[in-house]
Every structure is written in structure tokens, then in C-alpha cells.
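Novice: How does the following fold in three dimensions:
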Amino acid sequence: MLEKKKLIGIDLGGTSVKFAVVTIDGNILDKWSIMTDISEEGSLITPSIINSLKTYMADHGYKAEDFVGIGMGSPGTVNKENGTVIGAYNLNWKTLQPLRESIEGATGIPFFIDNDANVAALGEQWIGAGNNEPNVVFITLGTGVGGGVIMNGQLLHGAGGAAGEIGHMTVDREGYDCTCGKQGCLETVASATGVVRVAKDRAFVYKGESQLKDSILNDEPVDTKVIMDAAKEGDKFAISVVDEISDYLGLACGNIANLLNPSTIVIGGGVSKAGEFLAEKIIDRFKVYAFPTIREDTHIRIAELGNDAGVIGASSLVLAETVN
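Specialist: Below you'll find the model as predicted:
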């Protein structure tokens, strides 16, 4: 009776926790979200997730046995065997978090977890831009920058479960300090906050005329969308910022492709909403940094599942762990 049972996917992010009830063939039946409360060293996050799940199940008449399992993507270093997370700095989780013990214990539903970018990679590889190909790398440009690597149809986890930390590839040895303690990480320039930081810093030295530069210098609110839209409309300062970001991303993609030669590198997360405009700029720089034969083999595509990649991938984690 597996066909009748449903999956729950949870995408735990720095600003919100997204939930979805998903069929076993990847269709979302229902979804909702709550704010991520990172106060008190993140100690309120797990209780709020449990409360939201139990409230939803009660409101909709669901019992534990209606679900195959709960899958979750979380930032930080995940031990999928133990169901724990440590070092999720954007959640204020510095100590070990026993998520499986807490959530499975409270709901009675089997619980599976992996790194948030890994599960988004699974989602995009399964029914998104990865076209179910066996060799796909996913880069997510959100509050932070994460990555997931799927080779020969399997997620790579590495010796300590931290494979795919693409956001912490060094792209500028003289660059910004990162929350991880390193300097010049991709995350410091290509995350949503990183793009804005680059634009704000460059605005003070840019000599030409620019509406975006004026907005920044006048302390008007500017986010990644404003910057990307200005570049699309031909603002020369905005274009220079996006070109710089694209160079960092092209460098990272070139290094990834030279090492792994995937068929596709999928770019997702909020920053990727700039779409083909951004993809074309990244591809131009990727060609500079990629080994000649790899330029032909490896394609860069914008993610297709949007904000649903995390919950769909998280739900597919349940199938990968229980059905195979």
C-alpha cells in the first residue's frame, strides 16, 4: 500500500522552514512554512518544527502511519546515520542537534536527514534541471551558498559528511571574511547578502553615472533582485557588479567541472531567479576556467524547481532510504 502513503519534505533555511506533503512520484499535495527563530542559540527551531508538524497532522486528520517518512534538508554538517547536525552557523547551531531523536520521537514517523544543498540537488536531479542524469552538481545561491554532488546516481558525502561545501571554495584569497572563519569564500560574494555587499562596496569607487549607485549611496533599500534587474536594464554599474559575481561563479564552476566532469551544473537558490541573463554570464567565465574537453561535456543550467527543490529533494530522501 506504499502508493497510498505520503512523504513529508522539510527544507530548513536561515529565514524560514518550508514543509510539503508530497506523493511518492514527486507531486506536491500541500505546503506551508514558518519563520526560523534563531534566537537562544537556535534552541527554539526543533520544537517549532515539531509543533508545526503535529498541528498540521491534527488539523488534516493525518496519523503517523499515513506517511512513509519525513525527509529534511538542513544547513551545517549532517550525520545522516545518527540524524544529527552540527556547525549550522546561520541557525546559531554550534552544538550537536539530535534532530532524528527529537522529531521521530515526537511524531512517530521515520525521519531522514541530509545537508540542505544535498537534498535540493536530489530534487533538481530527480525532476528538475538535472533531467534524472546520473552526474549532476547543484549550487544553491541563497542566504548562504551550498552545493550537492551526485555522481553515478549517488550523493557524495565524503569522510565527514561535508562533501559539496561549494560555498566555502576560496575564490578570492584577499576577499571578505566568512562566517566559517576562512577568507574569500564563494559564499561571501555570491550569496544573496554577498551580492549586495559587493555592490555596496563597489558603489563608493565607481566613477560613472548609475541609478543603482545613486540608490546605494542614498541608503535606499537594495537587494539582489534590484541589482540584477538594473543590470538587465543596462545600468553599467549593475552590469559590472553582476560580471564580477559571474566571474567568481564561473571560476567555481570551472574548478568543479575540471574535478568531476558532471553532465550538468545546476544553479539554484534566490540569486538564480535572474535566470538565463545570469547563466549566460557564468557560462562565458566558465569557458575561461574549464579544461577544453570539459567545456563541451558540462552544461550550466538554471534550476527549474525554484523554492520547491528543497522539499521535493527532502521527500525523495525518504524513498532513497526506505525503498532501495
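Novice: which residues in the stretch 201-324 of the chain form strands?
Specialist: Along the stretch 201-324 of the chain, the segments classed as strands by DSSP state E, counting those that start in this stretch run 264-268, 299-302.
Novice: average pLDDT across the shortest one?
Specialist: What that stands for is strand 299-302. Average pLDDT, strand 299-302: 96.
Novice: Adjacent strands (with direction) for that strand?
Specialist: Strand pairing for strand 299-302, using DSSP bridges, gives strand 264-268 (parallel).
Novice: How far off centre is the partner strand?
Specialist: Relative to its parent chain, strand 264-268 has a centroid offset of 11 Å by Cα atoms, centre = their mean, to the nearest Å.
Novice: just stretch 315-324 next, same as before
Specialist: Centroid separation between stretch 315-324 and its chain, computed with Cα atoms, centre = their mean, is 20 Å.
Novice: where does the stretch 201-324 of the chain have low pLDDT?
Specialist: The model of the stretch 201-324 of the chain has pLDDT under 70 over residues 323-324.
Novice: can you give me the helices in this structure?
Specialist: Using DSSP state H, the helices found in the chain span residues 45-60, 99-107, 116-127, 187-190, 192-203, 211-217, 224-232, 236-260, 276-289, 292-297, 309-322.
Novice: which residues touch the nearest residue to Leu122 once chain neighbours are set aside?
Specialist: Computed as Cβ to Cβ, 6 or more residues apart in numbering, the closest residue to Leu122 that is not its neighbour in sequence is Gly313, at 3.9 Å. To be clear about C-beta, it is placed using only N, CA and C from the backbone, and glycine gets the same treatment. By Cβ atoms under 8 Å, 6 or more residues apart in numbering, the contact set of Gly313 is Gly9, Gly71, Gly73, Asn118, Val119, Ala120, Ala121, Leu122, Gly123, Glu124, Trp126.
Novice: how much space is there between Gly313 and Leu155?
Specialist: Using Cβ to Cβ, to the nearest Å, Gly313 is found at 10 Å from Leu155.
Novice: center of this structure - which residue?
Specialist: Of all residues in the chain, the one closest to the mean position by Cα atoms, centre = their mean is Thr140, 3.7 Å from it.
Novice: That residue bridge partners, please.
Specialist: Assigned bridge partners for Thr140, using DSSP bridges, are Gly146, Gly268.
Novice: Who are the contact partners of it?
Specialist: Listed by Cβ under 8 Å, 6+ apart, the contact set of Thr140 reads Asp116, Ala117, Ala120, Gly146, Gly147, Gly148, Gly268, Gly269, Ser272, Ala303, Ala309.
Novice: again, 10 Å this time
Specialist: Counting by Cβ atoms under 10 Å, 6 or more residues apart in numbering, Thr140 makes contact with 73, 116-117, 120-121, 124, 146-148, 166-167, 191, 266-272, 303, 309-310.
Novice: repeat for Ala117
Specialist: Here Ala117 is in contact with 73, 75, 138-140, 142, 144-149, 164-167, 268-269, 309-310, 313 (Cβ under 10 Å, 6+ apart).
Novice: Excluding residues flanking it in the chain, which one is nearest it?
Specialist: Nearest to Ala117 is Gly146, by Cβ to Cβ, 6+ apart, at 2.9 Å.
Novice: correct me, but the one you found touches Phe138?
Specialist: Yes - between Gly146 and Phe138 there is a contact under Cβ atoms under 10 Å: 8.3 Å.
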